[in-house]
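[1] after the sequence you'll find the predicted model.
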Amino acid sequence: MFQKDLQISSALTRGVRITVRSRYAPEQSFPAAGRYAFTYEVRIRNEGNQPVQLRSRHWIITDSTGKVSEVRGAGVIGQQPLILPGGHFEYVSGAVLETPSGGMRGTYQMQLVNGTAFEALIAPFVLAQPHSLN
């Protein structure tokens, strides 16, 4: 059962479906000091007919003032998972903003077993402290 404050996005690129669910993490936040923490759960499902490997990530994080930060790196949570057709990979991570709301979007650089590389879209999703958006 989803929480009311849970935000969800989904995108399909070349048979790779990326679904993200985000939520505010009050236990890790300290609003008086401008610290708003969020967690997000990512599910990468291979709906194609070939194995695909996640090679790297590129996140674009924007707070409500328009401040943008980018994160690039190999794999996710220290892994570069190979996802078989019909299979999936899930992980949980987090982000901290200086404002009560913002958003994230990005891409995963994926590679098919034949060497073909492509960028799988991570659809934009909202990071928001409950009741911070009207």
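    Perfect, I can see it now. Numbers count the residues shown, from 1 in each chain.

[2] so what's S10 closest to, chain neighbours aside?
    T19 (4.4 Å; CB to CB, 6 or more residues apart in numbering). Where you see a C-beta, it was placed from the backbone N, CA and C, and this is true even at glycine.

[3] wait, doesn't the one you found sit right on I8?
    Yes: between T19 and I8 there is a contact under CB atoms under 8 Å: 7.0 Å.

[4] of these two, who's got more company?
    Ranked by neighbour count (other CB atoms under 10 Å), T19 and I8 place T19 first, with 19 against 13.

[5] what helix or strand is the more buried one on?
    Using DSSP states H and E, T19 sits in strand 16-24.

[6] output the contacting helices and strands for that strand.
    strand 7-13, strand 36-46, strand 101-112, strand 117-128 (3 or more CB pairs under 8 Å, 6 or more residues apart in numbering; DSSP states H and E).

[7] select, out of those strands, the one closest to H88.
    strand 36-46 (4.2 Å; CB to CB).
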